[in-house]
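Enquirer: Can you look at this prediction? I've put the sequence above it.
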Amino acid sequence: MAANWFVYIVRCQDQTLYTGITTDPKERLLAHNSKTTGAKYTRSRRPVSLVYLEESDSRSHACKREYSIKKMTAPQKEALINTKAGDNS
């Protein structure tokens, strides 16, 4: 059984955005807010909150999507977050 992959964006306490991929968004958010785990970038910017989540069918696709999001400017990322927030599907 293949795991579903997710691309996510978290907003840090300093209002910066961090993008990553995971198979378990709940656990990953807990890890980002943990004292001992999480990305180096978010460790000094806690707490973080999940602001965007996108499901992907494979790790490869998730990595490519993560890369494309990381290349976006901050306003482009905010627009992506706002668009997804307004999506009721």
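Expert: Noted; the coordinates are in hand. Numbers count the residues shown, from 1 in each chain.

Enquirer: can you map out the strands along the protein?
Expert: For the chain, the strands defined by DSSP state E occupy 5-11, 17-22, 49-56.

Enquirer: Okay, angle between the second one and strand 49-56 too, please.
Expert: Okay, so that is strand 17-22. With axes from the mean of the first three to the mean of the last three Cα atoms, to 10 degrees defining the directions, strand 17-22 sits at 40 degrees from strand 49-56.

Enquirer: Adjacent strands (with direction) for strand 17-22?
Expert: strand 5-11 (antiparallel) (DSSP bridges).

Enquirer: Ok, which of the strands of the chain comes nearest Ile69?
Expert: strand 17-22 (4.9 Å; Cβ to Cβ). Bear in mind the C-beta positions are built from the backbone N, C-alpha and C, glycine included.

Enquirer: from memory Ile9 sits against Ile81, does it?
Expert: Yes: the pair Ile9 / Ile81 is scored as a contact, 6.4 Å apart, by Cβ atoms under 8 Å.

Enquirer: circling back to that earlier point, what's the most buried one of the strands of the chain?
Expert: Looking across the strands of the chain with neighbours counted as mean count of other Cβ atoms under 10 Å, the highest average goes to strand 5-11: a mean of 22.

Enquirer: can you dump the C-alpha coordinates of that one into PDB?
Expert: Only the C-alpha atoms of strand 5-11 are listed here, as PDB (Å, rounded to 0.1, in the frame of the first residue of the first chain):
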ATOM      1  CA  TRP A   5       2.300  12.400   0.300                       C
ATOM      2  CA  PHE A   6       1.500  15.900   1.200                       C
ATOM      3  CA  VAL A   7       3.100  19.300   0.500                       C
ATOM      4  CA  TYR A   8       2.500  21.700   3.400                       C
ATOM      5  CA  ILE A   9       3.300  25.200   4.400                       C
ATOM      6  CA  VAL A  10       3.500  26.300   8.000                       C
ATOM      7  CA  ARG A  11       3.500  29.900   9.200                       C
END
